[in-house]
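**Q** Sequence below, structure please.
(chains A and B)
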Amino acid sequence: MIVKNLLFIVVMMWAGQQAAFALDIQSWHTKNGVKVLFVESHDLPIVDVRFTFKAGSSRDGGLYGVSRLVNALLVEGSGNYNAEDIALAFESAGAEMGHDSLRDMAWTSLRSLSEPALLAKTTDMFARITALPSFPQDAIDRDRNAMLVSLANRKNEIAKVVEDTFFHQVYKDHAYAVGPHGTEKTLNAITRQDLLDFHGRFYVTGNAALAIVGDLTKQQARDYAERLTAHLKQGEAARPLAKSQTVKQAKTVRVPFKATQTHIRQGQPVLSRKDPDYFSLYVGNHILGGSGFSSRLMQEIRENRGLSYSVYSYFLPMESSGPFEMALQTKTQQAQEAARLLQELLTEFIANGPSEQELEHAKKNITGSFPLKLDSNSKIVDYLALIGFYDLPLDYLDNFNANILKVTAADIQDAFKRRVKPGQMIRVIVGESS
Amino acid sequence: MDKITFIVLTFFLAMPIHASTSEKILDNGMKIIVREDHRAPVVVSQIWYRIGSTYEHDGITGVSHALEHMMFKGTENLKPGEFSEIIAANGGSENAFTSRDYTAYFQRIAKDRLEICLKLEADRMRNVVFLKGEYKKEVAVVREERRWRVDNKPRSKLFEQFYATAFLTSPVRIPTIGWMDDLQQLEMKDAADWYKKWYAPNNATLVVVGDVNSEDVFSLAEKYFAGIEPSNIEPPKLRPEIEQNGERRLNLYGQTASPYLIMGFKTPVLKGFEGDVKDIYALDVLSGILDGGNSARVAKKMLRGDEIAVEAGTSYDPYDRLGGLFLFAGTPNEKVSPQTLEQAFIDEIKDLQDNPVTQQELERVKAQVIASKVFDRDSMFNMGMQIGMLDSVGLDWRLIDSYVDSINSINAADIQRVARKYFNKNKLTVATLWPEKEAQE
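**A** Next up, the predicted model:
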């Protein structure tokens, strides 16, 4: 199946960073101090839970890949249970267990039917694998090898080469420079003790947040949370990440790659989660390159010129300064023209800001689509996990639309002028023209 | 499955989807299916046209998809792009997708805006205006899409060529995005003719899921679509696949670090199957036995166990319109050749042919199937997709309800029987992607 527009996915991802209305979030701490966020919903006999930890690759401490390897190994053994026992515990009850790690966040998740007899079958195993992994040596070697193979393949995928080069160039020595996939050298160097140390430091009570959504009463949710966190070791929250350096001088990095298209991405570090300019930049970007077919980038580059299938921009708010990025792909012969346009459109937007009509249109779209952000349990648990993980206020969703409506065209222009610097961006160009 | 699990899971079977879903056919032949879901004040509207790449022929491949792009480029009443602007201004999100058997357009929007969507869709069912300038730009976008989606992704290329090898005469061989040479020569007239031929109320189904009342939706649909005259829809000439009597092999060299292997056996699909439908569901359960999670055989024996592969899996889709394939695919471990991975899959097949699966495995698959049917209900969009896909290939959407019963009826002997019947090496196609450098050695 082919989707008309990749931007749909990108917009969803950005929307996924945002939050919603009139959601009754209940919050408390478990006896051992884990923060819990819960939304009660009895429409479907389902319970969703997500356990988040500040244990992404920004915590690798130079041992790149250790965070992802730890996360991968959670399902490979715990106490006397091996990988098959673990999988069977979930799968024989029809439950879906998931886990992954990014730059900021690592998580485990579980979706189960809410019937207590069934839920009880998976609860303790989920608690154990998150808190008490056994890191068997054969599984370490196997998962390390799988990561090495995946890393080698990454270097042969143009989209990954663009992404990895971009982060490397923008973040230099910062913890965001290398992603969760790690490096060949460090992956090979990781020992079992490194994994135990990483897990022991970061998968602990003070560094965790638990999101629960679904068919439980508050008392049931309290009991459930106690059982899910029962094995978790006491420990402190991870220290705040160092602030990333700004890019001092614009730089274009070309990477030769055999392909019929050239991929272009440019940007700089800008936005952290609790940034005062957050809403101005969000609405502004919606107009510039974040809103699908009506965005300026899409209009000028795809609709008016047919240069690219997908073209977009976004701010990725992270714990430390996440990147502002603009990206497109186009056949190599027209790459220069597309790169020039991208820069021109950005410069023009910063110089003159959005029109009143564009702003009004953006506000209607963002506020009008608000209910869509919360129309399923799985979306709600995504938001709860974000709110818990980034320690956002519980009324973040309640105030979301009001915060959007407050933004003026002058706010946007001012925020873009201060924060987005076309003269201080890294531009990565990957393709044969290089 | 222990007793508690069994009783609990059986309980969920008593929640049929048809209780909250209703259907109406307008006089012009257009079908409307509404599923009420009152959890949030939103609605998903999807209009499905029974047209896709399996309706195409050589020389114009990709026309269904190119036409899908043109559907956003203006009508007698709307400027190019205005459709999208109106949806956006109403807080909606929208998109479209094309597949082998259908093309669908959808909006997700606040429930009180459904009428806007229906009005706009009724307009572009018949009134699209094809403008030379717009077409030229948009077909260039489609070519960029192909470069991005297929040409610079060796595995996508392998899948494309794999289907063209497994199917020689059936249009299943046609890639939905279209061959690049066809996209180069495709003309606006091809897209416009395609539009006239296939976009009609009697070739469409509207699926609405959300916080609506079905009678209200029927009235709205009546208001906007009933006045559209039906067309004479003439299906393309049948192009059945010739019988495969021997293994087929394909090699592709590309920019990749690891080789990649795809194996596919010709298997029946539900649509048009004249045998015992148990075969279809047994194949579905069999896929779950092999690849239904980290406790299943592929993960247990091939990823862990002998460490043959770094990733591997199987898939089988009973709901294609034309002939189907049971697929095995994976990346061999670096110390292992694709041939060894292929042999490991063959060994798994032989095991299934020689020995009945265990009760524990069967129960695990059934528990997963039942739970996943409950989980499916969390997403209105997915419920709409399931209904629309079944309907578009000519199956009854009520199969969603009977699916669990059908799966539950499968036993170990059924699985052994279909493993023997369909995993026949003469019906096998094998495609291998090799790193380019190995081509030079």
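**Q** so how far is A:Val34 from the closest residue to B:Val285 other than its chain neighbours?
**A** Excluding the flanking residues, the one nearest B:Val285 by CB to CB, 6 or more residues apart in numbering or on different chains is B:Ile410, at 4.7 Å. Using the backbone N, CA and C atoms, a C-beta is placed for each residue, glycine as well. Distance, B:Ile410 to A:Val34, by CB to CB, to the nearest Å: 42 Å.
**Q** repeat for A:Val253
**A** 43 Å.
**Q** who has more neighbours, those two?
**A** Ranked by neighbour count (other CB atoms under 10 Å in any protein chain shown), A:Val253 and A:Val34 place A:Val34 first, with 22 against 15.
**Q** my read: the more buried one touches A:Ala230, true?
**A** No: in this structure, A:Val34 is not within contact of A:Ala230 by CB atoms under 8 Å, at 10.2 Å.
**Q** Show residues contacting stretch B:421-428.
**A** With contact meaning CB atoms under 8 Å, 6 or more residues apart in numbering or on different chains, stretch B:421-428 is reached by B:244-248, B:263-268, B:279, B:283, B:326, B:349, B:352-353.
**Q** Just the buried ones among those residues, please.
**A** B:244, B:248, B:263-268, B:279, B:283, B:326, B:349, B:352 (16 or more other CB atoms under 10 Å in any protein chain shown).
**Q** got those as a markdown table, with pLDDT and distance to chain A columns?
**A** Formatted as a markdown table, the buried ones among the contacts of stretch B:421-428 follow (pLDDT from 0 to 100; distance: CB to the nearest CB, whole Å):
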| residue | pLDDT | distance to chain A |
| --- | --- | --- |
| B:Gln244 | 97 | 26 |
| B:Arg248 | 98 | 25 |
| B:Met263 | 98 | 20 |
| B:Gly264 | 98 | 18 |
| B:Phe265 | 98 | 22 |
| B:Lys266 | 96 | 22 |
| B:Thr267 | 96 | 20 |
| B:Pro268 | 95 | 22 |
| B:Asp279 | 97 | 25 |
| B:Leu283 | 97 | 20 |
| B:Phe326 | 98 | 19 |
| B:Ile349 | 98 | 21 |
| B:Leu352 | 98 | 19 |
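**Q** I'd like to know how far A:Glu91 sits from chain B.
**A** Distance, A:Glu91 to chain B, by CB to the nearest CB, to the nearest Å: 4 Å.
**Q** Enumerate the positions of stretch A:82-93 that are buried.
**A** Buried residues in stretch A:82-93, counted by 16+ other CB under 10 Å: A:82-84, A:86-93.
**Q** which residues in the chain form strands?
**A** Picking chain A for this. In chain A, the strands defined using DSSP state E lie at A:2-3, A:26-29, A:35-40, A:46-53, A:77-78, A:81-82, A:96-101, A:106-113, A:208-214, A:251-256, A:261-271, A:311-315, A:322-331, A:426-431.
**Q** ah, no, chain B please
**A** For chain B, the strands defined by DSSP E occupy B:21-25, B:31-36, B:42-49, B:93-98, B:103-110, B:204-210, B:248-254, B:260-267, B:309-316, B:324-332, B:428-435.
**Q** contacting residues around the residue in chain B that chain A sits nearest to?
**A** Relative to chain A, the nearest point of chain B is B:Gly91 (1.7 Å; CB to the nearest CB). Residues counted as contacts of B:Gly91 (CB under 8 Å, 6+ apart) are A:364-370, A:372, B:109-110, B:113.
**Q** Which PyMOL command selects the buried ones in those?
**A** In PyMOL, this line selects whichever of the contacts of B:Gly91 come out buried by 16+ other CB under 10 Å:
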select buried, (chain A and resi 365+366+367+368+369+370+372) or (chain B and resi 109+110+113)
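**Q** In helices, which of the contacts of B:Gly91 fall?
**A** Applying DSSP state H to the contacts of B:Gly91, the entries found in helices are A:364-368.
**Q** Which single one of the residues you listed is nearest to A:Thr205?
**A** Lowest distance from A:Thr205 to the ones in helices among the contacts of B:Gly91 (CB to CB) belongs to A:Ile366, with 36.6 Å.
**Q** What sits closest to that closest one if chain neighbours are left out?
**A** Counting by CB to CB, 6+ apart, A:Ile404 is the residue found nearest to A:Ile366 once chain neighbours are left out, at 5.1 Å.
**Q** ok, that neighbour to A:His286 distance?
**A** A:Ile404 sits 9 Å away from A:His286, going by CB to CB.
**Q** Ok, A:Asp215 next?
**A** 35 Å.
**Q** Would you mind telling me which of these two has more residues around it?
**A** Comparing A:Asp215 with A:His286 by other CB under 10 Å, the one with more neighbours is A:His286, at 29 against 21.
**Q** Could you tell me how many residues sit around B:Gly81?
**A** By other CB under 10 Å, the residues close to B:Gly81 number 18.
**Q** Could you verify my assumption that it touches A:Phe293?
**A** Yes: counting by CB under 8 Å, A:Phe293 is a contact partner of B:Gly81 at 6.2 Å.
**Q** Common neighbours of A:Ile404 and A:His286, please.
**A** Counting by CB under 8 Å, 6+ apart, the residues touching both A:Ile404 and A:His286 are A:Ile366.
**Q** Export only the CA atoms of stretch A:330-348, formatted as PDB.
**A** Extracted in PDB, the C-alpha atoms of stretch A:330-348 (Å, rounded to 0.1, in the frame of the first residue of the first chain):
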ATOM      1  CA  THR A 330      14.800  15.000  -5.200                       C
ATOM      2  CA  LYS A 331      16.400  13.500  -8.300                       C
ATOM      3  CA  THR A 332      20.000  14.500  -8.300                       C
ATOM      4  CA  GLN A 333      19.900  16.800 -11.400                       C
ATOM      5  CA  GLN A 334      17.600  19.200  -9.500                       C
ATOM      6  CA  ALA A 335      19.100  18.900  -6.000                       C
ATOM      7  CA  GLN A 336      20.800  22.300  -6.200                       C
ATOM      8  CA  GLU A 337      17.600  24.100  -7.100                       C
ATOM      9  CA  ALA A 338      15.800  22.400  -4.200                       C
ATOM     10  CA  ALA A 339      18.500  23.200  -1.700                       C
ATOM     11  CA  ARG A 340      18.400  26.800  -2.700                       C
ATOM     12  CA  LEU A 341      14.600  27.000  -2.400                       C
ATOM     13  CA  LEU A 342      14.700  25.400   1.100                       C
ATOM     14  CA  GLN A 343      17.100  28.100   2.300                       C
ATOM     15  CA  GLU A 344      15.100  30.900   0.600                       C
ATOM     16  CA  LEU A 345      11.800  29.800   2.000                       C
ATOM     17  CA  LEU A 346      13.300  29.700   5.500                       C
ATOM     18  CA  THR A 347      15.000  33.100   5.200                       C
ATOM     19  CA  GLU A 348      11.800  34.700   3.900                       C
END
